[in-house]
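**Q** predicted model and sequence follow; I will ask about them next.
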Amino acid sequence: MTARIIIRGLAFTGPNVPPVDIAFSDGLNVVWGASNTGKSFLVKSLDYMTGAGVEGIPGITERDGYEKAWLDVELGVGNEVQVARSLRGGDFEYRAGWPVPDTGVAIDRALQGEHRSPESWSAYLLAAIALKPDVKIARTLSGEKVTFSFRSFAPYVFIEETPMLGDLSMIDVSDGRSVTQDKNTLKFILTGVDDSAQVKAPGVKEQRTGNRGKIELLDDMLRVARAELGEDVSEDLDEAIEAQTQHIRNIQAEASEAQARLDQARIGLSNARGELASIDAALEEMALTVDRFGLLDRVYRSDTERLTSLLEGSDALLAGGGRPCPLCGAAEEHQHHGHGREDVQGSRRAIAAELAKIGREQGELHATLSSLSAQVSAADETRNSLLANISHLEKEIQAGLPVEAETRRRFELVSDARETLRTRARLVDRVKELEEHRRVLDRFKATRNQAGAVVGLSGGSGLALATHVQGVLDAWGFPGNPKVTFDAGSHEIQIDGKSRSANGKGVRALMHSAFKIGILKFCRAEGLPHPGFIVLDSPLVSYREPHRSRHGALGADEAVVKASGLKERFYAYLASHKGDAQFIVIENDAPSGATPDTLVVFAGPDSDGEREGLF
């Protein structure tokens, strides 16, 4: 695994104030919330704790009473380190592990705040990513040099709001004092080659020899590039790329329509299966009810048979009444006892009443059973209809899956073809660039005052960097299918031939973010040292609310970005690089498109039980 630095936590302490802290994960971290809650102060504090000057810490009132800042980092796998620094500046206290801040744990050593020796915090940070502390960068054309420190990396990992949105140089590491130093710093980051070997300005003979060598090298590079390009260079690549892009749009439209049909069929299938389950449950319940009512009907019939027998017996007993006494022969009118006739008559009346009641209840039961039978029939019809619909939807889905797969295959083929065309277009530009450089070298005249330092990147490294930045913007779905190029003059990127300063704030912020992330990707691809983390302050300013934001109304290019859905793909892309890079994003709005590994909300003074801000 490539060496990297992971920021794990930042804390502030003071003698009469409660300690405050914020923790970070090794993947995507998002801190968002209201304005004036300390988000930008957080970025400046992280920069300060890696060696920036005390002048970079704003004197906000919320930090009153706090005297010291604490930073927990991992300098490689398992190497847990904590440094502390006074908020008034100075050197660093170094401790192994991550003890609770300000609890009296003794320091292991003191490290210098400035990069003056191997016993500086900057040197420790560089060593963690396999960089020596004595790398030299030429800051003037005559070969005057400065030492590369972690401060040289700071503008590539701490992108504060002002440089993020402004139109100043994205490679400024010298505070605007030396364009040569800025370009050579980028050259070292992207090549690993510093300027230690540059000693003095060459003489006239050396200049001529060097120029011939450059011409020979350029000729070799041109031969290789032309051979790769081939004989036929008459094709209108821009038109071909646009045609392929339109083809991709058409395929995407087809895929969207096919997916919509599949989704509708899947939803319909799910709903039908749910209804079928409900119908089956209802039929099962009705079957149980019919069984219970059938048992009740059998009880009614049994009771009716029993009561009918009793009624017949009563009639038989009553039929024997009104006759002479079988014992004494007395006539009925002379008999003094009824011999239970009244009881039999009463019993008969009760039996008849019970039979009538059972008859009524049995009639109601038969009516209910008839209704249930009708409901069962209707449910069976519905069930059969649902089964037929389910079978139809299943066939429709099965028929749609090959279409979906074929559309995806076509999309990949056309996308690959477009990328081939783009690579060819970049190669054409490269040949033109080399030819122009060759013409410049042909016009070269040696002078005795020729500067000694070779400034900045070669075209090859710039082209490779542009390709990585192109990949970042493509992954974000940057609208308009932009073409990214490297401007050798400014050492920055251009989109469709336009410099960053020619765009609105939101597009400038996205270009700055993609440029710095592209550099990280370049270093990872080439196995070059990089801290492995990037802190972005307000990269998605295009998604601001114009009426509430201090940045005002959206420009036309910002409005296109806002409507493109880039925000979701931006966060999804950063989240997908966990394990390779740590991102800390500072924004005013909640993230979407991916769930951050760490999400911190600064809710502001009107918060209801939530964290108000950094302090």
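**A** In hand now; what should we look at?
**Q** count of residues packed around K505?
**A** 22 (other Cβ atoms under 10 Å). Quick note: C-beta positions are derived from backbone N, CA and C, even for glycine.
**Q** pull the contacting residues for it.
**A** Going by Cβ atoms under 8 Å, 6 or more residues apart in numbering, K505 touches L165, V541, S542, H551, G555, E558.
**Q** and those, which is the shakiest by pLDDT?
**A** When the contacts of K505 are sorted by pLDDT, the bottom entry is H551 at 62.
**Q** remind me which residues of the stretch 351-500 of the chain are low pLDDT?
**A** For the stretch 351-500 of the chain, the stretches with pLDDT under 70 are 446-454, 459.
**Q** secondary structure, distance to E412 and neighbour count added to the contacts of K505, as CSV?
**A** Formatted as CSV, the contacts of K505 follow (DSSP: H, G, I helix; E, B strand; the rest coil; distance: Cβ to Cβ, whole Å; neighbours: other Cβ atoms under 10 Å):
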residue, secondary structure, distance to E412, neighbour count
L165, helix, 37, 18
V541, helix, 34, 24
S542, helix, 30, 25
H551, coil, 39, 17
G555, coil, 35, 15
E558, helix, 32, 24
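**Q** nearest to R349, of these?
**A** Within those, proximity to R349 (Cβ to Cβ) peaks at S542, which comes in at 94.6 Å.
**Q** once you drop chain neighbours, what's closest to the closest one?
**A** Leaving aside its sequence neighbours, S542 sits nearest to G506 (Cβ to Cβ, 6 or more residues apart in numbering; 2.8 Å).
**Q** which SS class is the one you found?
**A** Three-state assignment for G506 (DSSP: H, G, I helix; E, B strand; the rest coil): helix.
**Q** who touches L386 in this structure?
**A** By Cβ under 8 Å, 6+ apart, the residues touching L386 are A272, E275, L276, I279.
**Q** which one of these is nearest to K562?
**A** Nearest to K562 among the contacts of L386 is A272, at 39.9 Å by Cβ to Cβ.
**Q** what helices or strands is the helix or strand hosting the closest one leaning on?
**A** Counting by DSSP states H and E, the element that carries A272 is helix 237-319. Judged by 3 or more Cβ pairs under 8 Å, 6 or more residues apart in numbering; DSSP states H and E, helix 237-319 is in contact with helix 341-442.
**Q** tell me how far stretch 20-40 lies from the chain's centre.
**A** Distance of stretch 20-40 from the chain centroid (Cα atoms, centre = their mean, to the nearest Å) equals 17 Å.
**Q** and it, end to end?
**A** 16 Å (Cα to Cα, to the nearest Å).
**Q** buried residues, that stretch. List them.
**A** For stretch 20-40, the neighbour count (16 or more other Cβ atoms under 10 Å) marks 20, 22, 24-34, 37-40 as buried.
**Q** which ones among the residues you listed map onto strands?
**A** Those of those mapping onto strands are V20, I22, L28, N29, V30, V31, W32, G33, per DSSP state E.
**Q** of those residues, which is the nearest to T61?
**A** Nearest to T61 among those is V20, at 14.4 Å by Cβ to Cβ.
**Q** ok, the closest one - contacts?
**A** Taking Cβ under 8 Å, 6+ apart, one finds A11, F12, Y66, L614, F615 in contact with V20.
**Q** could you do L369 as well?
**A** So L369 contacts V290, F293, G294, D297 (Cβ under 8 Å, 6+ apart).
**Q** with I129 instead?
**A** A3, R4, I5, P529, H530, P531, G532.
**Q** which of these are buried, as a ChimeraX select command?
**A** Burial among the contacts of I129 is assessed by 16+ other Cβ under 10 Å; the matching ChimeraX selection reads:
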select :3,4,5,529,530,531,532
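**Q** please name the bridge partners of the closest residue in space to P101 that isn't next to it in sequence.
**A** Spatial nearest neighbour of P101, chain neighbours left out: W70 (4.1 Å); criterion: Cβ to Cβ, 6+ apart. Counting by DSSP bridges, W70 is bridged to A11, A84.
**Q** for W70, what are its contacts?
**A** W70 is in contact with G9, L10, A11, F12, T13, D21, Q82, V83, A84, P101, D102, counting by Cβ under 8 Å, 6+ apart.
**Q** sort these by pLDDT and name the bottom one.
**A** Comparing those by pLDDT, D102 comes last, at 93.
**Q** the closest residue to that residue other than its chain neighbours: neighbour count?
**A** Once flanking residues are discounted, D102 sits nearest to T13: 4.0 Å by Cβ to Cβ, 6+ apart. For T13, the neighbour count with other Cβ under 10 Å is 21.
**Q** which elements pack onto the helix or strand T13 falls within?
**A** Assessed by DSSP H and E, T13 sits inside strand 5-14. Strand 5-14 sits against strand 17-23, helix 39-48, strand 68-75, strand 533-537, strand 582-587, with contacts defined as 3+ Cβ pairs under 8 Å, 6+ apart.
**Q** quick one: strands adjacent to the shortest one?
**A** Next to strand 533-537 in the sheet, as set by DSSP bridges, lie strand 158-159 (parallel), strand 582-587 (parallel).
**Q** can you tell me which of the contacts of L369 lies nearest to H366?
**A** Looking at these and their distance to H366, the nearest is D297, at 7.5 Å (Cβ to Cβ).
**Q** so the closest one touches Q362, yeah?
**A** Yes: D297 lies in contact with Q362 (Cβ atoms under 8 Å); the separation is 6.8 Å.
**Q** look at these two and report which has more neighbours.
**A** Q362 (17 against 14).
**Q** could you find the closest non-adjacent residue to that one?
**A** Using Cβ to Cβ, 6+ apart and skipping residues adjacent in sequence, the residue nearest Q362 is Y300, 4.5 Å away.
**Q** got it, and E394?
**A** E394 sits nearest to L269 (Cβ to Cβ, 6+ apart), 6.6 Å away.
**Q** which intervals of this protein have sub-threshold pLDDT?
**A** Looking at the chain by pLDDT under 70, you get 1-2, 199-204, 206, 231-235, 320-326, 330, 332-340, 446-454, 459, 544-552.
**Q** and the contacts of L386, which is closest to I495?
**A** Distance to I495, by Cβ to Cβ, is smallest for A272 among the contacts of L386, at 49.7 Å.
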